[in-house]
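J.: here you go, sequence then predicted model.
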Amino acid sequence: MVESCDASVLLDNKDGIESEKNSPRSFGMRNFGPIDRIKEALEKECPQTVSCADIVALSAREGTVLLGGPYVEMKTGRRDSKVSFLDQVESSIPNFNDSMPVVLSRFNSVGLDDEATVALLGAHSVGRVHCLNIVGRLYPTVDPTLNPTRAAYLKKRCPTPEPDPKKVQYSRTDLLTPAVLDNLYYKNILRGEGLLTIDAELATDNRTAAFVEKMAADNDYFHQQFARALLILSEINPLTGHQGEIRKKCRFVNQD
Ligand code: HEM
Ligand SMILES: [Ca+2]
């Protein structure tokens, strides 16, 4: 979403590069080690042949399968950016409290139609949300669109309006299948159990509600749409030909 699928997010601070990881919008991104290890193995086998951008895209593909989602046939050949786009992160990556119209127009502008956007948000069927991103819907008063049973549970997980930064406080997005990319997310949001504003609005907005109903009713249909949308996402504005480079290490641009 930031400029293109060019691995700019992987660059660390060095020689004038200010990492996109420094943006508050990158909150929660972690575990970059496996990408380094994949790159090291590839450099041993075929030096400067497989870009970090391809590693990111194909890792998303493999992660999707490992989580019980669909297999997405993806092209390769993306090249890596030589710059980072720290100043574009906030305008490109949606915020925890963004509303549906803002998110739809942002996603539409990179070729993701409304149905594809609904399907991609199904990624919230896995993982967690930290209290920092939830407390606004719990305190001082509980958001009336939030299911009361779920709200009571969330208040236990996040007992104070200002989460203690030293404690890692979070809730799983989907309590029953947190490590399966399935359509339980859509069933949950129809019951008022969406954690983020965007999850809650997805079930009620008149541009998205009908897709939510269909995905909640049919896991295969969700998987088909997720596969279609992930493919679009993986092909946004790639660097090709002589643009960019094939990095030797994903955290740094090449020195030569
Ligand atoms: C469209 C608007 C979106 C918003 C506003 C949004 C926002 C967020 C927020 C605030 C979190 C919690 C971060 C934390 O507290 O640690 C989160 C988690 C997550 N999001 Fe999104 N997201 C959006 C779309 C997407 C899309 C399109 C995908 C992938 C296709 C995605 C995948 C995930 C995943 C996998 C997690 C769990 C991460 C973890 O367990 O650490 N999200 N999202
Ligand atoms: Ca799930």
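T.: Okay, I see it. On a predicted model such as this, the values are computed, not experimentally measured, just so you know. Ligands and ions are numbered 1, 2, ... in the order given.
J.: in the stretch 51-200 of the chain, what residue comes closest to ligand 1?
T.: Gly127 (2.4 Å; CB to the nearest ligand atom). Quick note: C-beta positions are derived from backbone N, CA and C, even for glycine.
J.: what segments of the stretch 101-250 of the chain are strands?
T.: 128-130, 170-172 (DSSP state E, counting those that start in this stretch).
J.: model confidence over stretch 10-27, on average?
T.: Taken as a whole, stretch 10-27 has an average pLDDT of 96.
J.: start to end distance for that stretch?
T.: 14 Å (CA to CA, to the nearest Å).
J.: show me the contact partners of that stretch.
T.: For stretch 10-27, the external contacting residues (CB atoms under 8 Å, 6 or more residues apart in numbering) are 2, 8-9, 29, 32, 35, 52, 56, 81, 83-86, 89-90, 93, 95, 130, 132-133, 250-253.
J.: what about 7 Å?
T.: 2, 8-9, 29, 32, 35, 52, 84-86, 89-90, 93, 95, 250-253 (CB atoms under 7 Å, 6 or more residues apart in numbering).
J.: quick check: residues of this structure near ligand 2?
T.: 125, 174, 177, 180, 182, 184 (CB under 5 Å from the ion).
J.: 8 Å instead, please
T.: Counting by CB under 8 Å from the ion, the chain comes close to ligand 2 at 125-126, 173-174, 176-182, 184-185.
J.: from these, pick the one nearest Phe226.
T.: Leu181 (7.3 Å; CB to CB).
J.: quick check, the residue in the stretch 151-256 of the chain closest to ligand 2?
T.: Closest residue of the stretch 151-256 of the chain to ligand 2, CB to the ion: Thr177 (3.6 Å).
J.: how about stretch 1-15 against ligand 1, any contact?
T.: No. Stretch 1-15 lies out of reach of ligand 1 by CB under 6 Å from any ligand atom, never closer than 8.3 Å.
J.: and stretch 94-103, by the same measure?
T.: Yes. Legend: contact between stretch 94-103 and ligand 1 by CB under 6 Å from any ligand atom is shown at 94-96, 98, 103.
J.: drop anything exposed from the residues you listed.
T.: 94, 96, 103 (16 or more other CB atoms under 10 Å).
J.: got TSV for those residues, with pLDDT and distance to Gly241 too?
T.: Listed next are those as TSV, based on pLDDT from 0 to 100; distance: CB to CB, whole Å:
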residue	pLDDT	distance to Gly241
Pro94	93	31
Phe96	87	37
Val103	96	32
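J.: which residue is the nearest non-sequential neighbour of the most centrally placed residue in the chain?
T.: By CA atoms, centre = their mean, the mean C-alpha position of the chain lies nearest to Ala123, the distance being 7.1 Å. Closest residue in space to Ala123, ignoring its immediate chain neighbours: Leu181 at 7.1 Å, by CB to CB, 6 or more residues apart in numbering.
J.: the one you found touches Thr64, doesn't it?
T.: Yes. Between Leu181 and Thr64 a contact is recorded at 6.2 Å, counting by CB atoms under 7 Å.
J.: more crowded one of these two?
T.: Leu181 (25 against 20; other CB atoms under 10 Å).
J.: against Ile55, how distant is the more buried one?
T.: From Leu181 across to Ile55, the span is 20 Å (CB to CB, to the nearest Å).
J.: just Ser84 next, same as before
T.: Counting by CB to CB - Ser84 and Ile55 are separated by 17 Å.
J.: so for these two, which sits in the more crowded spot?
T.: Neighbours were counted for Ser84 and for Ile55 using other CB under 10 Å; Ser84 has more, 27 against 23.
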